[in-house]
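Engineer: 3D, please:
(chains A and B)
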Amino acid sequence: GAVVSQHPSRVICKSGTSVKIECRSLDFQATTMFWYRQFPKQSLMLMATSNEGSKATYEQGVEKDKFLINHASLTLSTLTVTSAHPEDSSFYICSARDHSGGAFNEQFFGPGTRLTVL
Amino acid sequence: DAKTTQPTSMDCAEGRAANLPCNHSTISGNEYVYWYRQIHSQGPQYIIHGLKNNETNEMASLIITEDRKSSTLILPHATLRDTAVYYCIVRVAGYNTDKLIFGTGTRLQVFP
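Structural biologist: Modelled structure (predicted):
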């Protein structure tokens, strides 16, 4: 299957700083990528849909000014957590959709980034 | 969006078949049933999907009832590495959407 990578895999930062997480589709082009957040022992929560060359679409309750998403190329989307606080500590997962599969455009998930804000 | 309900947890002996049920009574005619799993601290992994016919691949089989209100994921010979949270998802499809909305899933524990 297609491979999606995330960088970094783990990050620890101080409260008030900003953190950027990269999501890359390694062997396919992804016009659409998705960002999820997962707290311990909970399910994945969709944060936003990222479309190449256009603004991201955020889910209800997700602050777009706090979670900046940029999808500047067909293989890269970035999520920047601005002015991070301890409550932003979570597991952030991206997925990328391979549009080459016709109607069955599969989503492939990255390995996740664990963010800890001190 | 059609909602799914799954048991919170299940156990299965290694080598036996694991049958994971899912209810999706409000599914629409053009919505697919997808199954993903998430091993601890990793990203979800696609398993299988189907519309109304039963499906099988190298990982699992998917049995969908005739009325499409429920389905069962079958892992024919569970191994310890199949211990994970299994998510049954009804795919929300539409122009410029096509989101996957995850429910709470079933935590499958395979024991020796």
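
Engineer: which helix or strand in chain B has the lowest average pLDDT?
Structural biologist: None of the helices or strands of chain B scores lower by mean pLDDT, DSSP states H and E than strand B:45-50, at a mean of 92.

Engineer: tell me which helix or strand comes right after that one.
Structural biologist: Remark: after strand B:45-50, the chain's next helix or strand is strand B:55-56, criterion DSSP states H and E.

Engineer: and the contacts of that next one?
Structural biologist: Outside strand B:55-56, the residues within contact range by CB atoms under 8 Å, 6 or more residues apart in numbering or on different chains are B:48-49, B:61-62. Quick note: C-beta positions are derived from backbone N, CA and C, even for glycine.

Engineer: repeat that for stretch B:64-82.
Structural biologist: B:12-25, B:27, B:29, B:33, B:35, B:37, B:39, B:47-48, B:50-54, B:59-63, B:86, B:88, B:108, B:110, B:112.

Engineer: would you mind listing what in chain A touches chain B?
Structural biologist: Within reach of chain B by CB under 8 Å from any CB of the partner chain, chain A has these residues: A:1, A:4, A:6, A:32, A:34, A:36, A:43-46, A:49, A:51, A:57, A:91, A:93, A:95, A:97, A:104-112, A:114.

Engineer: show me which of those residues are buried.
Structural biologist: Among these, those buried by neighbour count (16 or more other CB atoms under 10 Å in any protein chain shown) are A:4, A:6, A:32, A:34, A:36, A:44-46, A:49, A:51, A:57, A:91, A:93, A:95, A:97, A:106-110, A:112.

Engineer: which of the residues you listed fall in strands?
Structural biologist: The strands, defined by DSSP state E, take in A:4, A:6, A:32, A:34, A:36, A:45-46, A:49, A:51, A:57, A:91, A:93, A:95, A:97, A:107-109 from those.

Engineer: so what's the residue lying closest to residue A:84 once chain neighbours are set aside bridging to?
Structural biologist: Excluding the flanking residues, the one nearest residue A:84 by CB to CB, 6 or more residues apart in numbering or on different chains is residue A:117, at 4.5 Å. For residue A:117, the beta-bridge partners are residue A:13 (DSSP bridges).

Engineer: circling back to that earlier point, filter the contacts of stretch B:64-82 down to the buried ones and hand me the PyMOL line.
Structural biologist: In PyMOL, this line selects whichever of these come out buried by 16+ other CB under 10 Å:
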select buried, chain B and resi 12+18+20+22+23+24+27+33+35+37+47+48+50+60+61+62+63+86+88+108+110
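
Engineer: now the two most distant members of the contacts of strand B:55-56.
Structural biologist: Among those, the pair separated by the greatest distance (CB to CB) is B:49 and B:61, at 12.2 Å.

Engineer: got the residues of chain B near chain A?
Structural biologist: Near chain A, when you scan chain B using CB under 8 Å from any CB, you find B:36, B:38, B:41-46, B:49, B:87, B:96-105.
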